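Novice: build me a model:
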Amino acid sequence: MSSVVIVDYEMGNLRSVAKAVERAGAAVCVTQDPAEVCRADRLILPGVGAFPDAMAALRRRGLDLAVKDFVATGRPFLGICLGLQLLCDVGLEVERCLGLGLMPGQCLALPPDLRDAAGRRLKVPHMGWNSLQIVRRSPLLAGVPDGSQVYFVHSFVAVPSDPDAWVSTRTDYGSPFTSSVWRDNLFATQFHPEKSQLVGLRMLENFVNM
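Specialist: Now for the predicted structure:
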């Protein structure tokens, strides 16, 4: 059975991620131990919350360096929601804060005056179901149709400096934003696969079987 380590830095619903990964066919270990992170076969960095608080929590435990060391080994990594945003060089939520620096770019707020095609103002946070436009089909998206609906809860987005090298899917919420990224062994989603029913389960199965 495949094994997946989930990083616990007290910034998200770890139980729902762990249960979804188990359903996808993997043995799961949830840990705050940097040594466990470094030994992982596959690693997930989930999260919901503020960028500066998350980076402070990771640094306190030495998990920031452990995550970067893990990614450098070439083993599969998946960031979810805040776990995608933290890959950026810098986040501009509340204050300017250095991120993990694994993806050149910034984490920025969604624009304040988003409107749909009919001119109706859209709420921020963006919360609920929305569709994926596949830009580059990563291994995470194997068997996932273009236009699939997935579940979002977020007020900030990652903006890669080189979108052609990183963006895997985009989603429109008043304007297009990066909804997932992929490069080499690094995968990350702004949406929550663990809350995205069969589509999300397919992605997690793809990750577990890499």
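Novice: could you pull out the strands for this protein?
Specialist: Ranges of strands in the chain, per DSSP state E, are 2-7, 26-31, 43-45, 77-80, 88-91, 97-98, 103-109, 126-131, 133-134, 149-154, 156-160, 167-172, 176-183, 186-189.
Novice: partner strands of the third one, with direction?
Specialist: Pointing back at strand 43-45 there. Here strand 43-45 has these sheet partners by DSSP bridges: strand 2-7 (parallel), strand 77-80 (parallel).
Novice: just to revisit the earlier point, by mean pLDDT, show me the worst of the strands of the chain.
Specialist: Mean pLDDT is lowest for strand 2-7 among these, at a mean of 94.
Novice: in it, which residues are buried?
Specialist: 2, 4-7 (16 or more other CB atoms under 10 Å). Every residue, glycine included, has its C-beta placed from N, CA and C.
Novice: same question for stretch 142-150.
Specialist: 144, 148, 150.
Novice: and of those residues, the nearest to residue 31?
Specialist: Closest to residue 31 out of the buried residues of stretch 142-150 is residue 150 (26.6 Å), distances taken as CB to CB.
Novice: pretty sure the closest one is touching residue 129, no?
Specialist: Yes: at 7.0 Å, residue 150 counts as touching residue 129 under the criterion of CB atoms under 8 Å.
Novice: tell me which residue is most central in this protein.
Specialist: residue 80 (2.5 Å; CA atoms, centre = their mean).
Novice: what is that one paired to in the beta sheet?
Specialist: In beta-bridge terms (that is, DSSP bridges), residue 80 pairs with residue 189.
Novice: wait, what's in contact with residue 205?
Specialist: 24-25 (CB atoms under 8 Å, 6 or more residues apart in numbering).
Novice: pLDDT score for it?
Specialist: Value listed for residue 205 in the pLDDT field: 98.
Novice: re the thing from before, could I get the buried residues of strand 2-7 as JSON lines with distance to residue 22?
Specialist: JSON lines is the format used below for these (distance: CB to CB, whole Å):
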{"residue": "2", "distance to residue 22": "11"}
{"residue": "4", "distance to residue 22": "9"}
{"residue": "5", "distance to residue 22": "13"}
{"residue": "6", "distance to residue 22": "11"}
{"residue": "7", "distance to residue 22": "16"}
